[in-house]
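1. missing the sequence, but the structure's below:
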Ligand code: ARG
Ligand code: ZN
């Protein structure tokens, strides 16, 4: 959730036609096998993700020198080909690759922009499980997104703030970095003693030797690369298990501790409330990473353990927690559908307010609807933001939530909340599209809703009231 609005806009990759990107990778297929595409085919981020294989597991072993800002890494990926493959790409930007093996045999590699192009000694047959190991090192740098914001590995005064949405995963590990491809993760990070490294899932091991501490984290549920973190800082750690059996691990920068404490104290009740509304919490672990990282201006729903750039307010906690269902468990297939993440998490905020003595969702809707046609809210339709520079804009968050409120009014509360729960249950640990959501809503309610969704998700300008 954005704390501030993003200043400058910058059109980087968003303008590269997909066809061009596909052409570059598919050029001159050499027998036997063909090259995997350099991108997953997403028009907003044409080079994010890759073709020709899927990753099942990432095993990342990292060591970070905070003063030198130097990262040493080994990434071992367990993958499976989806075609006969004589060459494939991983997403990786900056850093120096010192070696690549495929099935433990050294492979040829080269760098081309944000692509690490790997040519195994022998081509891989279709449907074959294989292992990729990449060793790399260097000073990671964040990427500047089309909207001018930064993501990826962002150094702080005492470590690093690591947030990868939409394309920052490639700044710290080689990945198939499109949410289409989800995998489990082991993330092991060694930092100077006294600092804490926090990633997703459960803490499998922690040990200190020779002035360094190693944290081994494991996320066993499928996770999109952008939701992985390895945030490092001087953190106060709090661990406990909720009544529902969820293991909580909170890491808080001491400068944010007093402001964060009353809000983090609400995490178990927020998750319990959301579980009643959206169905069971999708994970076994939870928590928060509250960093002190001025200038970032957003929080991220890093899987199981959202990352905040400063002490969050309760609304932001509700928002990032709601993303665990909508965005993390049910993932995007294409960035164009970003309202399925942000519209839902924003509507969760409205519902929380409504059910905790604040304004009704209707009142929130009305206040937004009253904004004049020239307001940024109506600048583009949430179901078709047009490019990567618009994915975190007001229409996606607020008008996306307005679309859900219109749905709720059209089908009634019973069906509406059933639709939300069915959506989370049917696509759990998987993916969803806008078309699948609208179809589910129509089936569950027995109503024709194409007009409603067309108006609220796809028409330009301020919709007329029904
Ligand atoms: N998904 C985040 C949230 O709304 C926002 C991430 C913004 N990322 C960025 N690079 N501007 O919770
Ligand atoms: Zn969000």
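-> Sure, I can see it. This is a predicted model, so every value here is computed, not measured. Ligands and ions are numbered 1, 2, ... in the order given.
2. ranges for the helices of the stretch 301-450 of the chain?
-> 314-322, 339-355, 361-369, 394, 400-411, 413-426, 434-445, 450-453 (DSSP state H, counting those that start in this stretch).
3. Check which element follows the third one along the chain.
-> If I follow you right, that is helix 361-369. Where DSSP states H and E defines the elements, the next helix or strand beyond helix 361-369 is helix 394.
4. Over to the residue in the chain positioned nearest to ligand 1: give its phi and psi.
-> Closest residue of the chain to ligand 1, C-beta to the nearest ligand atom: residue 149 (3.5 Å). The way it works is simple: take the backbone N, C-alpha and C, and place the C-beta from them, glycine included. Phi and psi for residue 149, reported as degrees, to the nearest 10, are phi -80, psi 170.
5. so how many other residues sit close to it?
-> When neighbours are counted by other C-beta atoms under 10 Å, residue 149 registers 24.
6. Next one, pLDDT for it please.
-> Looking at residue 149, its pLDDT is 97.
7. Tell me which of the helices of the stretch 301-450 of the chain sits nearest to ligand 2.
-> Smallest distance to ligand 2 across the helices of the stretch 301-450 of the chain (C-beta to the ion): 4.3 Å, for helix 339-355.
8. Contact residues of this structure facing ligand 1?
-> Residues of the chain found near ligand 1 (C-beta under 6 Å from any ligand atom) are 1, 145, 149, 151, 165, 298-301, 319-320, 342, 392.
9. rewinding a little: for my notes, please list the helices of the stretch 301-450 of the chain in a markdown table and give mean neighbour count, mean pLDDT and distance to residue 179 for each entry.
-> Shown next, in a markdown table, are those (neighbours: other C-beta atoms under 10 Å; pLDDT from 0 to 100; distance: least, C-beta to C-beta, whole Å):
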| stretch | mean neighbour count | mean pLDDT | distance to residue 179 |
| --- | --- | --- | --- |
| helix 314-322 | 23 | 99 | 17 |
| helix 339-355 | 24 | 99 | 9 |
| helix 361-369 | 16 | 98 | 28 |
| helix 394 | 22 | 98 | 22 |
| helix 400-411 | 22 | 98 | 17 |
| helix 413-426 | 17 | 98 | 16 |
| helix 434-445 | 18 | 98 | 14 |
| helix 450-453 | 16 | 98 | 22 |
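10. These: which one's closest to residue 378?
-> Taking C-beta to C-beta, helix 394 is the member of these nearest to residue 378, at 9.0 Å.
11. thinking in terms of the whole chain, how far from its middle is the closest one?
-> 18 Å (C-alpha atoms, centre = their mean, to the nearest Å).
12. now stretch 299-316
-> Relative to its parent chain, stretch 299-316 has a centroid offset of 12 Å by C-alpha atoms, centre = their mean.
13. repeat for stretch 111-119
-> 23 Å.
14. and if you look at stretch 354-369?
-> That offset, for stretch 354-369, works out to 28 Å (C-alpha atoms, centre = their mean).
15. contact partners of it?
-> With contacts defined as C-beta atoms under 8 Å, 6 or more residues apart in numbering, stretch 354-369 is touched by 273, 347, 350-351, 353, 377, 398-399, 402, 405, 408, 465.
16. Which SSE is immediately downstream of the helix or strand encompassing residue 218?
-> Assigned by DSSP H and E, residue 218 falls within strand 212-223. Later in the chain than strand 212-223, the nearest helix or strand by DSSP H and E is strand 231-233.
17. and the helix or strand following that following strand, what does it pack onto?
-> Remark: after strand 231-233, the chain's next helix or strand is strand 236-241, criterion DSSP H and E. Under the contact definition 3 or more C-beta pairs under 8 Å, 6 or more residues apart in numbering; DSSP states H and E, strand 236-241 sits against strand 247-252.
18. relative to strand 212-223, how tilted is the strand it packs on?
-> 130 degrees (axes from the mean of the first three to the mean of the last three C-alpha atoms, to 10 degrees).
19. Give me the distance from strand 247-252 to the chain's centre.
-> The answer for strand 247-252 is 19 Å, by C-alpha atoms, centre = their mean.
20. For residue 286, grab the count of nearby residues.
-> Residue crowding around residue 286 was assessed by other C-beta under 10 Å; the count is 22.
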